[in-house]
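Peer 1: Next come a sequence and a model predicted from it.
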Amino acid sequence: MNRPSLRRALALLLAAALTLSLFSCARLTPSEKFRELLEELPALAVSGDSLSVNFLFEYPENFGIEPLPYEHDFSTAEDYADGAEDLQDLLDSLHGIPLEKLTEEEQLHYRVIEDYFTRALRLYDYYYLDNSYLGAFLGYQAQLPLLLTELHFNSASEIDAYFHLLETTGDAFRQYADYEAERIAAGYGLCQDMLDGVIGQCDTLVEQGCDFLADAFSAQIDAADFLADEVKSATRERHDALLAESFLPAYAQLSRDLGALTGSPEPLGLAHFEGGQDYYEALVQSNVGTDLTISGIKAKLMTAIEADMLALQALFIAHPELEDLDYGTVGSEFCDFTTAEETVAYLARATAEDFPALPQLNYTVRPVPEALQDNFSPAAYVTDTIDSPLSSPQSIYLNGDFTPDLFPTIAHEGYPGHMYQGIYYKSLQAPAVRYLIDYAGYSEGWATYVEHYAPQYAPSQALSNELYTLNDHLSLLVTALFDVGIHYDGWTLEQLQEQASYFYGEIEEEDAREMYLLILESPGNYLNYCLGGLLFGQLRARAEEALGDGFSPAEFHKVILDAGPASFPILSSLVDRYIENARG
């Protein structure tokens, strides 16, 4: 689970101001110009009224950001047009700093910034396809309640800013419903099944209420030493009133407003929309951080699928007893731990030789509120603020009770996955803008890579673990291929059911529909995980083949982690340099 998307904010607020900044320091050396630019970027990139401010900074004023009442995100077509123009101005101005005159570290930051915005620029030609807000699982309205439990308050003004957000949720949701009606009229809107999914999510939240949000806020107020006791009591009362009178009614109203819309009767992927295939390729290349075309990606997926199927076949030939295995128990033998905390502590010890050490680790495992469980993944890590101490507690959410088959999942979300990677890079004290930029292919790819790497360290090395890991990896590859099939090749629901039956055996239409809608809601999302993890694995394989016995997992992982979020062409060049240096 990531902080709210910053791509629009970065693109729409950053570029014009950067142009002025770059031209205002003409007498400085290239390194001085670039360092000054890096220092100014956070204030230029993040608006003080964005909810993202709270997730990014403990004290935004220290970065020159003026805190304002939080507003819900929305971009108009004019915003997109202006953003594209300003992004191009930014890139033109950035190219005015000679890259070769910067230090090695500055060159890396330069290349990442240039790469990130060059990729983002392509998406601004697709307003209706790129600018969407609603979804049953990953939509803004679905993630908002849990995101709000993660807010922190260091002043009364931050509480007031949050209250403004609650008060205006109804206005924002009406804007989203009106915009969805506009998208439908233009031929780009959600299908009826997806609209029904959003409506169902809203209805569930209204029915079950927001006690979890009230409890989280109350805990924050208890710890607010800047408020007197009588003020704390009044603040809680106002919060309860806003939830009951503004926030929950906004979800009820959104449900009614969407119920008045009529989406397309047949669910169809991006390939069926004007410009959909081109947008999908640009989206995948931007989010993953790859230059591969969709045809190149499909070839990689098919090669990996064939390799996994051959590995499974060899496993069953070598161990025919697996044929009699109860598949309901596969994954239950990774460990005998009863909590996620035990698992994180064990993984931190067991993987210590293969990953750089962390300065410290402090985290809390929290349950996913019951009202959100049906529309939530098995677990999630919430990213930390940029300027909080390394000792500040991290948050991992667990959807239900911990079971041993979640061992790889905890590796993905916790250690050495998202939480580990986030704390490690934060300890390097990189320029703040590097924490604003994220490639999902890097973050989710890293977590997926270690998820399938960690089972070798499981306390139990039962044969069923290998079967579980291979099956899980193959399933992810197949789902990523389905993502491409639906959104680029234009598969219908019937075609997906046919392909799924080929890989999984007979599959019911209702199960195929659920799979189809999940992929439909988030184009390219599975490629962030699958392709990202696959590309990390290929980088490692290349280094291992080149260095042989001289290969060090810890040194390889350090190269990747020290780079921070970056595209795979940039990471590939860093791995090549690592290989060259290791060869001496």
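Peer 2: Alright, I've got the coordinates. Numbers count the residues shown, from 1 in each chain.

Peer 1: Provide a list of residues in contact with Q373.
Peer 2: With contacts defined as CB atoms under 8 Å, 6 or more residues apart in numbering, the neighbours of Q373 are 399-400. C-betas here are computed from N, CA, C, even on glycine.

Peer 1: one more time with 10 Å
Peer 2: Listed by CB atoms under 10 Å, 6 or more residues apart in numbering, the contact set of Q373 reads 204, 208, 367, 399-400.

Peer 1: Including pLDDT, neighbour count and distance to R513, could the residues you listed go into a markdown table?
Peer 2: Formatted as a markdown table, the entries for the contacts of Q373 read as follows, by pLDDT from 0 to 100; neighbours: other CB atoms under 10 Å; distance: CB to CB, whole Å:
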| residue | pLDDT | neighbour count | distance to R513 |
| --- | --- | --- | --- |
| T204 | 95 | 18 | 19 |
| Q208 | 94 | 14 | 25 |
| P367 | 92 | 12 | 29 |
| N399 | 93 | 18 | 22 |
| G400 | 93 | 13 | 24 |
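
Peer 1: Filter the residues you listed down to just the ones in strands.
Peer 2: P367 (DSSP state E).

Peer 1: Could you tell me which of the contacts of Q373 are located in helices?
Peer 2: Judged by DSSP state H, the subset of these located in helices is 204, 208.

Peer 1: At which residues are the helices of the stretch 301-450 of the chain located?
Peer 2: Assigned by DSSP state H, counting those that start in this stretch, the stretch 301-450 of the chain shows helices spanning 340-350, 407-413, 418-427, 433-436, 440-451.

Peer 1: Check which helices and strands the fourth one sits against.
Peer 2: Translated: helix 433-436. Identification of packing neighbours for helix 433-436 by 3 or more CB pairs under 10 Å, 6 or more residues apart in numbering; DSSP states H and E yields helix 7-24, helix 30-45, helix 52-56, helix 104-123, helix 418-427.

Peer 1: before we move on, back to that, which one of the contacts of Q373 is nearest to H452?
Peer 2: Nearest to H452 among the contacts of Q373 is N399, at 20.7 Å by CB to CB.

Peer 1: Could you pull up the residues touching the residue nearest to the closest one when sequence neighbours are not counted?
Peer 2: With CB to CB, 6 or more residues apart in numbering as the criterion, N399 has its nearest non-adjacent residue at 4.3 Å, and that residue is V368. With contacts defined as CB under 10 Å, 6+ apart, V368 is in contact with 146, 212, 374-380, 397-400.

Peer 1: any idea which of those residues is least confident?
Peer 2: Taken together, the contacts of V368 show their lowest pLDDT at N375, with 72.

Peer 1: list the contacts for G289?
Peer 2: With contacts taken as CB under 10 Å, 6+ apart, G289 has the following neighbours: 112, 115-116, 119, 438-442, 445, 528, 531-532, 535, 565-571.

Peer 1: Kindly report the same for E353.
Peer 2: Residues counted as contacts of E353 (CB under 10 Å, 6+ apart) are 552-554.

Peer 1: can you pull the contacts of Y110?
Peer 2: Taking CB under 10 Å, 6+ apart as the definition of contact, the neighbours of Y110 are 30, 34, 37-38, 94-95, 97, 99, 102.

Peer 1: let's see it at 6 Å
Peer 2: Counting by CB atoms under 6 Å, 6 or more residues apart in numbering, Y110 makes contact with L99.

Peer 1: What's the separation between it and F173?
Peer 2: Counting by CB to CB, to the nearest Å, the gap from Y110 to F173 is 40 Å.

Peer 1: And for E274?
Peer 2: Counting by CB to CB, the gap from E274 to F173 is 27 Å.

Peer 1: Comparing the two, which residue is more hemmed in?
Peer 2: Per other CB atoms under 10 Å, whichever of E274 and F173 has more neighbours is F173, with 26 against 13.

Peer 1: now the helix or strand hosting the more buried one, how far from the chain's geometric center?
Peer 2: Secondary structure assignment for F173, by DSSP states H and E: helix 169-185. Distance, stretch centre to chain centre, for helix 169-185: 24 Å (CA atoms, centre = their mean, to the nearest Å).

Peer 1: for the protein, which spans come out with low pLDDT?
Peer 2: Low-confidence regions of the chain, defined here as pLDDT under 70, cover residues 1-26.

Peer 1: can you pull out the strands in the chain?
Peer 2: If DSSP E is used as the criterion, the strands of the chain fall at 363-367, 379-382, 394-398.

Peer 1: could you dump those strands to a markdown table with distance to L322?
Peer 2: Compiled in a markdown table, those are given as follows (distance: least, CB to CB, whole Å):
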| stretch | distance to L322 |
| --- | --- |
| strand 363-367 | 33 |
| strand 379-382 | 27 |
| strand 394-398 | 30 |
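
Peer 1: Of the helices of the stretch 301-450 of the chain, which stretch is the most buried?
Peer 2: Comparing the helices of the stretch 301-450 of the chain on average neighbours per residue, with mean count of other CB atoms under 10 Å, the densest one is helix 407-413 at a mean of 27.

Peer 1: For stretch 264-283, buried residues please.
Peer 2: Applying a neighbour-count criterion of 16 or more other CB atoms under 10 Å, one finds 264, 267-273, 276-277, 279-283 buried in stretch 264-283.

Peer 1: what do you get for stretch 77-97?
Peer 2: Neighbour counts using 16+ other CB under 10 Å place 79-80, 82-84, 86-87, 89-91, 93-94, 97 of stretch 77-97 among the buried residues.

Peer 1: can you check stretch 49-69 too?
Peer 2: Buried residues in stretch 49-69, counting neighbours by 16+ other CB under 10 Å, are found at 49-57, 60, 63, 65, 67, 69.

Peer 1: Equivalent analysis for stretch 521-533, please.
Peer 2: By neighbour count, with 16+ other CB under 10 Å as the criterion, the buried positions of stretch 521-533 are 521, 523-533.

Peer 1: Equivalent analysis for stretch 144-156, please.
Peer 2: By neighbour count, with 16+ other CB under 10 Å as the criterion, the buried positions of stretch 144-156 are 144-151, 153.

Peer 1: Quick check: end-to-end length of that stretch?
Peer 2: Start to finish, the residues bounding stretch 144-156 are 22 Å apart (CA to CA, to the nearest Å).

Peer 1: Look up how far V344 lies from L292.
Peer 2: For L292, the distance to V344 equals 34 Å [CB to CB].

Peer 1: if we can go back for a sec, now flag whichever of the buried residues of stretch 521-533 is closest to T351.
Peer 2: Each of these was checked against T351 using CB to CB; the closest is G533, at 16.5 Å.

Peer 1: Give me the nearest residue to the closest one, chain neighbours excluded.
Peer 2: Setting aside the residues directly before and after it, G533 is nearest to T448 in space (CB to CB, 6+ apart), at 3.3 Å.

Peer 1: Also L561?
Peer 2: Y424 (5.2 Å).

Peer 1: Repeat that for L148.
Peer 2: Of all residues not flanking L148 in the chain, L213 sits nearest, at 5.9 Å (CB to CB, 6+ apart).

Peer 1: how many other residues sit next to the residue lying closest to F551 once chain neighbours are set aside?
Peer 2: Counting by CB to CB, 6+ apart, E544 is the residue found nearest to F551 once chain neighbours are left out, at 4.7 Å. Using other CB under 10 Å, E544 has 16 neighbouring residues.
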